[in-house]
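**Student:** Got a predicted model here, sequence first, then my questions.
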Amino acid sequence: MNAIAPVRVLFIIDQLGTGGAQEFLLHLCGSIPRDTINISVCALRDGPYRKRLEALGIHVYSLTDHKSLLRMPVVARRLLHLLRREHFDIVHTLLEASFVLGTPLARFFQIPTVHSVMIVRQQSTKWFFPLMAAYQRLVSLFLTPFPAELLASGIQCHKIAAVNVTVELADMLAVGHDPECTLEPFDLHAAYPVVVSIGRLISDKGHEFAIRAWPAVRQRWPMARLLIIGDGEDLSQLQALTKELGLAEAVLFAGFRQDLAAIFSRADLYLRTSLKEGINLTTIQALAAGVPTIGFKTVVPQEIIEDETNGLLVPLYDVAGLSQAIQRLSDDDALRQRLSFAGRLGTSRDYDLDSVVSFYQATYIALKGTRRPLNTALWELRAPDTETLGAGR
């Protein structure tokens, strides 16, 4: 008897720079069974995650290394040739440009398409959610942690499946707090508290507010250190603000790093200062590592941080409130321990990668060979596990 060939899935993603979508894709590719699902990745623009994906044995197609929109016609033509040549069973798009280009081209070749919506409406450009609604007849299924937002945008309910976005958390759940852990090249000896903030250095991530909160934190804790991890276009601006406030020794810019387990091991607190956020994978990882977490209270359909349960929330833009929350947690060992325990427990329960991978696997198998919008067969397949595989807490 001939073996059943694996389902050939092509992920199309805007770029392979640093970001939550890229991290999710990396973990999904590393976890999904290769005997049933054969994943390839097509990046409209190349980036550092290409090497990490290739190290997993994933074939990566990069269509350009240029940022200019003038290259988009060339990118579209290359993607057209790729889809014509390779005969993929499923096309799965991530982020906006990949959806705009990949969806109609896949439809042209009658390839079933899936799109993962990893952002909330306030994070996206104004046109994107209306465009998804207009394109919905071309899409087999939208996967999202925020189904209500898609419904409100006019996407039909049978086109939407609620499923979380997460990463492998086993390494994070095993992290223990180690104040002696060294994070080269920084001298953190006797530093307390060591507060970590991770994210691209862009205005939406709110690093400016953490820096502005630091003078008040240092009044209470002179050896307090703020470790900002990430790179981006606002680096020089944030460094100038740090110098202006006299914080050159207290605020440390670490650039992009991959040693998250070591970082969280040394961290006393974690800050999520994003001004608008969908699913923040780094926050999930920090909670899983047991790092007490503070964040701005943003208007999102699904808040990862539960105030006074697994972390603390402060009003948006409230610098004084942010510094007070940092000082409160730094002063209260019992509160830190309670939040740490709740963070580990909640993430292990609500963000299980195995459940997400099982759902994706079932989705691809059900879609293979279809040449029309997804019918009710997949819903019948999925229905018994809605509570487990869907993400809403």
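**Tutor:** That came through, no problem.

**Student:** got the residue ranges for the strands in the stretch 51-200 of the chain?
**Tutor:** 59-62, 90-94, 113-116, 141-144, 160-162, 194-198 (DSSP state E, counting those that start in this stretch).

**Student:** Mean pLDDT added to those strands, as TSV?
**Tutor:** Output for these, formatted as TSV (pLDDT from 0 to 100):
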stretch	mean pLDDT
strand 59-62	95
strand 90-94	97
strand 113-116	96
strand 141-144	95
strand 160-162	94
strand 194-198	97
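
**Student:** Same list, those strands, but as JSON lines with distance to residue 263 and mean neighbour count please.
**Tutor:** To be clear about C-beta, it is placed using only N, CA and C from the backbone, and glycine gets the same treatment. Putting the strands of the stretch 51-200 of the chain into JSON lines (distance: least, Cβ to Cβ, whole Å; neighbours: other Cβ atoms under 10 Å) gives the following:
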{"stretch": "strand 59-62", "distance to residue 263": "27", "mean neighbour count": "16"}
{"stretch": "strand 90-94", "distance to residue 263": "25", "mean neighbour count": "25"}
{"stretch": "strand 113-116", "distance to residue 263": "27", "mean neighbour count": "25"}
{"stretch": "strand 141-144", "distance to residue 263": "29", "mean neighbour count": "23"}
{"stretch": "strand 160-162", "distance to residue 263": "31", "mean neighbour count": "20"}
{"stretch": "strand 194-198", "distance to residue 263": "6", "mean neighbour count": "25"}
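
**Student:** Among these, which comes closest to residue 18?
**Tutor:** Residue 18 sits nearest to strand 194-198 of all the strands of the stretch 51-200 of the chain, at 10.0 Å, using Cβ to Cβ.

**Student:** C-terminal to the closest one, what's the next element?
**Tutor:** Per DSSP states H and E, strand 194-198 leads on to helix 207-220 as the next helix or strand towards the C-terminus.

**Student:** Between the strands of the stretch 51-200 of the chain, which one is closest to residue 105.
**Tutor:** strand 90-94 (8.1 Å).

**Student:** Check which helices and strands the closest one is in contact with.
**Tutor:** Under the contact criterion of 3 or more Cβ pairs under 8 Å, 6 or more residues apart in numbering; DSSP states H and E, strand 90-94 touches strand 7-15, helix 96-108, strand 113-116.

**Student:** ok, and what's touching the shortest one?
**Tutor:** In this case it means strand 113-116. 21, 90-94, 99, 102-103, 106-107, 132, 138-144, 165, 363, 367 (Cβ atoms under 8 Å, 6 or more residues apart in numbering).

**Student:** make it 6 Å
**Tutor:** Residues from elsewhere that reach strand 113-116, judged by Cβ atoms under 6 Å, 6 or more residues apart in numbering: 91-94, 99, 103, 106, 139-143.

**Student:** still on that earlier bit, closest one to residue 300 among the strands of the stretch 51-200 of the chain?
**Tutor:** Nearest of those to residue 300, taken as Cβ to Cβ: strand 141-144 at 12.7 Å.

**Student:** Pairing partners for the closest one, with directions?
**Tutor:** Strand pairing for strand 141-144, using DSSP bridges, gives strand 113-116 (parallel), strand 160-162 (parallel).

**Student:** Check what pLDDT residue 300 gets.
**Tutor:** For residue 300, the model assigns a pLDDT of 74.

**Student:** how much space between the residue nearest to it when sequence neighbours are not counted and residue 152?
**Tutor:** Excluding its sequence neighbours, the residue lying closest to residue 300 (Cβ to Cβ, 6 or more residues apart in numbering) is residue 120, at 5.5 Å. Distance, residue 120 to residue 152, by Cβ to Cβ, to the nearest Å: 11 Å.

**Student:** just to revisit the earlier point, export the strands paired with strand 141-144 as TSV, with columns for distance to residue 26.
**Tutor:** Output for the strands paired with strand 141-144, formatted as TSV (distance: least, Cβ to Cβ, whole Å):
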stretch	distance to residue 26
strand 113-116	14
strand 160-162	22
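
**Student:** Pull the number of nearby residues for the residue nearest to residue 300.
**Tutor:** When counting by other Cβ atoms under 10 Å, one arrives at 21 neighbours for residue 120.

**Student:** For it, report the pLDDT, please.
**Tutor:** pLDDT, residue 120: 77.

**Student:** try the one 10 residues further on
**Tutor:** pLDDT recorded at residue 130 is 94.

**Student:** Once you drop chain neighbours, what's closest to it?
**Tutor:** Computed as Cβ to Cβ, 6+ apart, the closest residue to residue 130 that is not its neighbour in sequence is residue 153, at 6.8 Å.

**Student:** and residue 96, what does it touch?
**Tutor:** When contacts are counted by Cβ under 6 Å, 6+ apart, residue 96 touches residue 128.

**Student:** so what are the domain limits for the chain?
**Tutor:** Domain assignment for the chain by automatic domain parsing gives 7-166+352-389, 170-350.

**Student:** Tell me where the stretch 201-350 of the chain has helices.
**Tutor:** Ranges of helices within the stretch 201-350 of the chain are 207-220, 235-244, 260-266, 281-288, 319-331, 333-350, based on DSSP state H, counting those that start in this stretch.

**Student:** now the longest one: mean pLDDT?
**Tutor:** Read it as helix 333-350. Averaged across helix 333-350, the pLDDT comes to 94.

**Student:** Now do the buried residues in that helix.
**Tutor:** For helix 333-350, burial by neighbour count (16 or more other Cβ atoms under 10 Å) applies to 336, 339-340, 342-344, 346-347, 350.
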